[in-house]
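>>> Sequence first, then the predicted structure:
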Protein chains: 2
Amino acid sequence: MTPGPPRYEVIGIVGIGEVRPGDDVTRLLVDAARAQGTPLATHDVLVVGQKIVSKAEGRILKLSEIEPAPATRRMAESLGRDPKLLEVILRESRRVVRMDKGVVITETHHGWICANAGVDQSNVDADTVALLPEDPDRSARALRDGILALTGAAVAVLIADTFGRPWREGLTNVAIGLAGLPALIDYVGKPDSAGRPLQMTMLAVADELASAAEIVQGKLDRIPAAIVRGLRLEAADGGSKALLRDPSRDLFR
Amino acid sequence: MTPGPPRYEVIGIVGIGEVRPGDDVTRLLVDAARAQGTPLATHDVLVVGQKIVSKAEGRILKLSEIEPAPATRRMAESLGRDPKLLEVILRESRRVVRMDKGVVITETHHGWICANAGVDQSNVDADTVALLPEDPDRSARALRDGILALTGAAVAVLIADTFGRPWREGLTNVAIGLAGLPALIDYVGKPDSAGRPLQMTMLAVADELASAAEIVQGKLDRIPAAIVRGLRLEAADGGSKALLRDPSRDLFR
């Protein structure tokens, strides 16, 4: 029998309302997937937007309760940014990468480099900001373990956020937390012309999966998660950290 | 009637052999999609890896015929790179962005910023390199027009290549040429806390589609193209250039 062409499907998960601190996101996702006729199944990759995870974990702050440091106030004024928001961004960061033209790009405590340390004002009420989950790999593992316990389905879980990038306009969805799937996949190419034995090409499959999911999520918060179905990815437990470039190899620190 | 959840499918196109200068890629893709039981259809997005387009367009060079300039030889020695290859990279570039640690990142004549100006040694014979198509938007339009003429199907076409990026390990597939689909999609969010009327979030949907396709292409050259089916993207004719960040807004020149 000839196998058909390789194919997979991306299915948005609808019907999850506003998520609040303490909500059981595992159960919300399992129930919503079942209710729409696409229950979670072994080998699925469940891609979950960071926002509902952060909200459920209570990673939200009231800006009105933030007291910016004097230096932060001055920097915010130069930048044309809200000093309370800048204070939160700096608290979530271990290093400022660029601060110019109204843009603040930092390295978060996790090691992700992105605008505003991932602190997000959209789709929360006007005074509230959502931070990235404290440990998105841990959040992903908890979801994976919880789904297995509730349903028996061994799904891989990917926590995603939309990041900008240098040189190219527009945000793309990328992976910030992983459980049960690899961050990178190596493809071995041909020997190169200099006679070096093999060229390796490393694809950031986790980021590509996050992007594939975002396309169906569209407006981001009405559809906070998606199922990627039909791939047989190798199981892997290394989390997301393999996506972080080593500083010694980074030309854009 | 309740509509089901939003979903789409990605289908690899198999059975396209080695492509040579002058080959009719339009017909190769149309025939291969038909032969595997998934003929191209209106609303499909056809994602095509740059390599087969470049080869068909004759955008290949023999390194043995390249004579590096003296300055190029000296730079290649400092970098530990092949001087003939470096010569080709520089000819394909309008500007060097970084040249360090064995890595050459340039801005191509199209405006793309990537390693090696997109010049690729993999999956061509040892002495041969493939350049990016001269005008990937034009290549995409030719494919779109050709498929419409051959089959009556109005597909969108996306020419893709795998690029690295700062800060994150691994390559992801991105769009370098577009016909019939938008590069970016704007999502309008809620009013922000500073009272500004609306926050816009711009998603690089073309890059996300390229990434979605790469997942099923896997080893890159055995499956040089993929169909993204089930989305209803707005038709757009602006090409890929909206993905290029304006230098005045770029903090990582």
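Received, thanks. What you are looking at is a predicted structure, and each value in this text was computed from that prediction instead of being measured.

>>> my read: A:Met202 touches B:Gly164, true?
No - with contact defined as CB atoms under 8 Å, A:Met202 and B:Gly164 do not form a contacting pair (9.0 Å). Using the backbone N, CA and C atoms, a C-beta is placed for each residue, glycine as well.

>>> and for the two, which residues touch both?
Counting by CB atoms under 8 Å, 6 or more residues apart in numbering or on different chains, the contacts common to A:Met202 and B:Gly164 are B:170-171.

>>> Is stretch A:235-253 in proximity to chain B?
Yes - between stretch A:235-253 and chain B, judged by CB under 8 Å from any CB of the partner chain, the touching residues are A:242-245, A:249-252.

>>> Also stretch A:62-75?
Yes - counting by CB under 8 Å from any CB, contacts between stretch A:62-75 and chain B involve A:Leu63.

>>> What number of residues are in the vicinity of A:Gly230?
For A:Gly230, the number of neighbouring residues by other CB atoms under 10 Å in any protein chain shown comes to 16.

>>> Pop the domain breakdown of chain A in here.
Structural domains assigned to chain A are A:9-59+A:132-245, A:61-131, following automatic domain parsing.

>>> gap between the two ends of the shortest one?
Spelled out, it's domain A:61-131. For domain A:61-131, the first-to-last residue distance is 8 Å (CA to CA, to the nearest Å).

>>> re earlier: now flag whichever of the residues of stretch A:235-253 next to chain B is closest to B:Glu67.
Nearest to B:Glu67 among those, counting by CB to CB, is A:Leu251 at 28.6 Å.

>>> Leaving out sequence neighbours, find the closest residue to the closest one.
In space, and not counting its chain neighbours, A:Leu251 is closest to B:Arg98: 4.4 Å by CB to CB, 6 or more residues apart in numbering or on different chains.

>>> for the stretch 1-150 of chain A, what spans make up the strands?
For the stretch 1-150 of chain A, applying DSSP state E, counting those that start in this stretch gives strands covering A:7-13, A:45-49, A:60-62, A:93-100, A:103-108, A:113-115, A:128-130.

>>> Counting neighbours, what do you get for the residue of the stretch 51-200 of chain A found nearest chain B?
Proximity of the stretch 51-200 of chain A to chain B (CB to the nearest CB) peaks at A:Gly170, 2.9 Å away. Look at A:Gly170: counted by other CB under 10 Å, it has 22 neighbours.

>>> Can you say which of the strands of the stretch 1-150 of chain A is nearest to A:Ile147?
The closest approach between A:Ile147 and any of the strands of the stretch 1-150 of chain A, judged by CB to CB, belongs to strand A:45-49 at 7.2 Å.

>>> what does that closest one contact?
Residues outside strand A:45-49 that contact it (CB under 8 Å, 6+ apart): A:25, A:29, A:40, A:140, A:143, A:147, A:155-161, A:173, A:181, A:209-210, A:212-213, A:217, A:220-221, A:224-229, A:231, A:233.

>>> Any buried residues in that strand, and which?
A:45-49 (16 or more other CB atoms under 10 Å in any protein chain shown).

>>> how about TSV for those, with distance to A:His110 added?
As requested, the buried residues of strand A:45-49 are exported to TSV (distance: CB to CB, whole Å):
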residue	distance to A:His110
A:Val45	21
A:Leu46	20
A:Val47	18
A:Val48	16
A:Gly49	17
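
>>> Could you single out the nearest of those residues to chain B?
A:Val45 (9.9 Å).

>>> Check the secondary structure at the closest residue to that closest one other than its chain neighbours for me.
What sits nearest to A:Val45 in space, not counting adjacent residues and going by CB to CB, 6+ apart, is A:Val228, at 4.1 Å. Each residue gets one of three states, and A:Val228 gets strand by DSSP: H, G, I helix; E, B strand; the rest coil.

>>> Who are the contact partners of A:Val228?
Counting by CB under 8 Å, 6+ apart, A:Val228 makes contact with A:8-10, A:44-47, A:209, A:212-213.

>>> Next up, the contacts around A:Gly37.
By CB under 8 Å, 6+ apart, the contact set of A:Gly37 is B:4-5.

>>> got a pLDDT number for it?
Here, the pLDDT recorded for A:Gly37 equals 97.

>>> For it, what are phi and psi?
Main-chain dihedrals, A:Gly37, degrees, to the nearest 10: phi 90, psi 10.

>>> okay, the residue positioned nearest the centre of chain A: pLDDT?
Centroid-nearest residue in chain A, with CA atoms, centre = their mean: A:Ala160, separated by 2.0 Å. Note for A:Ala160: predicted pLDDT of 98.

>>> Could you check how many residues crowd around the closest residue to it other than its chain neighbours?
Spatially, and ignoring its direct neighbours in sequence, A:Ala160 is nearest to A:Ala210 (4.0 Å; CB to CB, 6+ apart). Residues near A:Ala210, counting by other CB under 10 Å, number 32.

>>> you'd agree A:Ala210 is in a helix?
Yes - counting by three-state DSSP, A:Ala210 is part of a helix.
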